[in-house]
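In: okay, sequence plus prediction incoming.
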Amino acid sequence: MQKVAIIGAGYVGLVTGACFAHLGNKVVCVDNDLKKIKMLNAGKIPIYEPGLDRIVRQARKKKKITFTSNIGPAVQNSDIVFICVNTPPKDDGGADLSYVENVSREIAKNLKRYCLIVEKSTVPVQTGERVYQTILDHVRGVEFDVASNPEFLREGSAIEDFLAPDRVVIGVSSARAEKLLRQLYAPLKARMVVTDIKSAEIIKHASNSFLATKISFINSVARVCDAVGADVEKVAEGMGLDPRIGASFLKAGIGFGGFCFPKDLAAFLHMSHALGVPFNLLKEVLEINETQKQYYVKLIEKVLWNLRGKKVAMLGLAFKGNTDDMRFAPSIDIIEALQKEGVTIQAYDPQAMERAKPVLRGVKYAKDAYEACKGADAVALVTDWKEFKDLDWKRIKKSLHQPVILDGRNFLSPQEMKKLGFNYHAIGRKAF
């Protein structure tokens, strides 16, 4: 059992802390958001992530996890401290590392004995060096190590990803640090990739950038399919069976969103240019992703002819299913573009509506999908929630002003929708 402090109880920090506690470690999560800490101590989870409430509840019952706003005792009583604070994008695309710097200073001020400080936040290469130097400048006579341990958690399946990972990456500069992290992750029996800190930092950015590239690639292929009347689903199937390519992330749609991909691509692009190694491929990946949302809006306009005065039922708001995360959600730009053309939006999302309300103004939020679709001229499906696939589409068809579906996730069956009498359109698939 290790004594672990998690600094930052956001998405990554809370999942990481809960899972380490689930594995039997003594965990304390620290956050300066008093409202969030109060909520966690009351047994409430501030984010939606399947399974997270259960393992937090179990860990609290076993007294394996606690929540506090006081960083001092947390650092002083821990063997390993994970930095899981926010690294938001700056205007130039670089990562804002001020939170990382501030936490590094606070850690240094409270070090009383040897401790391993681990970067868990997604940070640009060479951040580990800056964290080490910052702590060194503020600590007195105490040994410590800095390591990198990037996360590869997918929102919606983060617990499973943590407890059954395809790999655990650790970047270390000492045998002592490697031993501590190997012991911490030993219960998972996962493949361990051990490298230097800089390589570990690049692995995270390179991984997300490559996955995002696959998405933008298949979205470009989808546009070609639309132009000639081919089916991108079949194209992706034929490509994905090649083991050199793989099927994952070859899903055409309205583009990627969420906090990780857009932010990490922009940071990697900014960093590479700063190092004198232009990575223009990533610029094009981002450009394709931005224009894919416009491509979807143009599809809606093409199908509905005139947009002004029309009502569109927006099914889904979060950037993907099984999360309430609205950060960089494609729905935001799509809805705002439609509203500028005079479209009324009637929206429903199973989890994200409360987070969407401060971001999206002038939207009529419905109690369920059926209310959202009532009287609409078209259904725009923008988030792949399983419950949308299981809807009573016969009932929805009767409530619509026009039986039009614009499937931005290629989520529904064109054949089934055609049988039900819908005018179905998707991305890179034949229209019926």
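Out: Happy to help now that I have it. Numbers count the residues shown, from 1 in each chain.
In: strands of this structure, residue ranges please.
Out: 3-7, 26-30, 65-68, 80-83, 115-119, 144-148, 168-171, 192-195, 311-315, 344-348, 364-365, 378-381, 404-407, 423-426 (DSSP state E).
In: got JSON lines for these, with mean pLDDT too?
Out: What follows is these, written out as JSON lines (pLDDT from 0 to 100):
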{"stretch": "strand 3-7", "mean pLDDT": "97"}
{"stretch": "strand 26-30", "mean pLDDT": "97"}
{"stretch": "strand 65-68", "mean pLDDT": "97"}
{"stretch": "strand 80-83", "mean pLDDT": "98"}
{"stretch": "strand 115-119", "mean pLDDT": "97"}
{"stretch": "strand 144-148", "mean pLDDT": "97"}
{"stretch": "strand 168-171", "mean pLDDT": "97"}
{"stretch": "strand 192-195", "mean pLDDT": "97"}
{"stretch": "strand 311-315", "mean pLDDT": "98"}
{"stretch": "strand 344-348", "mean pLDDT": "98"}
{"stretch": "strand 364-365", "mean pLDDT": "98"}
{"stretch": "strand 378-381", "mean pLDDT": "98"}
{"stretch": "strand 404-407", "mean pLDDT": "97"}
{"stretch": "strand 423-426", "mean pLDDT": "96"}
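In: show me the one of these that comes nearest Tyr132.
Out: Judged by CB to CB, the one of the strands of the chain that comes nearest to Tyr132 is strand 144-148, at 4.4 Å. (Each C-beta comes from the backbone N, C-alpha and C, glycine too.)
In: show me which residues of that closest one are buried.
Out: Neighbour-count burial for strand 144-148, counted by 16 or more other CB atoms under 10 Å, picks out Phe144, Asp145, Val146, Ala147, Ser148.
In: repeat that for stretch 10-28.
Out: By neighbour count on 16+ other CB under 10 Å, the buried set for stretch 10-28 is 10-23, 25-28.
In: so how far is stretch 405-412 off the chain centroid?
Out: Shown here is stretch 405-412, whose average C-alpha point lies 21 Å from the average C-alpha point of the whole chain (CA atoms, centre = their mean, to the nearest Å).
In: quick check: end-to-end length of that stretch?
Out: Distance between the boundary residues of stretch 405-412 (CA to CA, to the nearest Å) amounts to 10 Å.
In: mind listing residues that contact it?
Out: Defining contact as CB atoms under 8 Å, 6 or more residues apart in numbering, one finds that stretch 405-412 is touched by 232-233, 251-254, 296, 299-300, 303, 316, 330, 334, 378-384, 388-389, 417, 422-429.
In: kindly write the ChimeraX command that selects the buried subset of the residues you listed.
Out: Selecting only the buried members of those in ChimeraX, with burial defined as 16+ other CB under 10 Å, works like this:
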select :232,233,251,252,253,254,296,299,300,303,316,330,334,378,379,380,381,382,383,384,388,417,422,424,425,426,427,428,429
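In: any idea which residue is closest to the centre of the protein?
Out: Among the residues of the chain, Gly258 comes closest to the average C-alpha position under CA atoms, centre = their mean, at 4.4 Å.
In: what's the spatially closest residue to Ala366 that is not a sequence neighbour in contact with, if anything?
Out: For Ala366, the nearest residue in space outside its immediate sequence neighbours is Ala372; the separation is 3.7 Å by CB to CB, 6 or more residues apart in numbering. Applying CB under 8 Å, 6+ apart to Ala372 gives the contacts Ala313, Met314, Leu315, Gln346, Ala347, Tyr348, Ala366.
In: from what I can see the first one touches Val379, true?
Out: This points to Ala313. Yes - Ala313 is within contact range of Val379, at 4.7 Å (criterion: CB atoms under 8 Å).
In: common neighbours of the two, please.
Out: Overlap between the neighbourhoods of Ala313 and Val379 consists of Cys373, Leu400, taking contacts as CB under 8 Å, 6+ apart.
In: how does the protein divide into domains?
Out: Domains of the chain are assigned by automatic domain parsing as 3-195, 228-426.
In: hmm, back to that, format the strands of the chain as CSV; extra columns: distance to Ser413.
Out: Below are the strands of the chain laid out as CSV (distance: least, CB to CB, whole Å):
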stretch, distance to Ser413
strand 3-7, 43
strand 26-30, 43
strand 65-68, 43
strand 80-83, 44
strand 115-119, 44
strand 144-148, 44
strand 168-171, 38
strand 192-195, 40
strand 311-315, 16
strand 344-348, 21
strand 364-365, 28
strand 378-381, 12
strand 404-407, 10
strand 423-426, 9
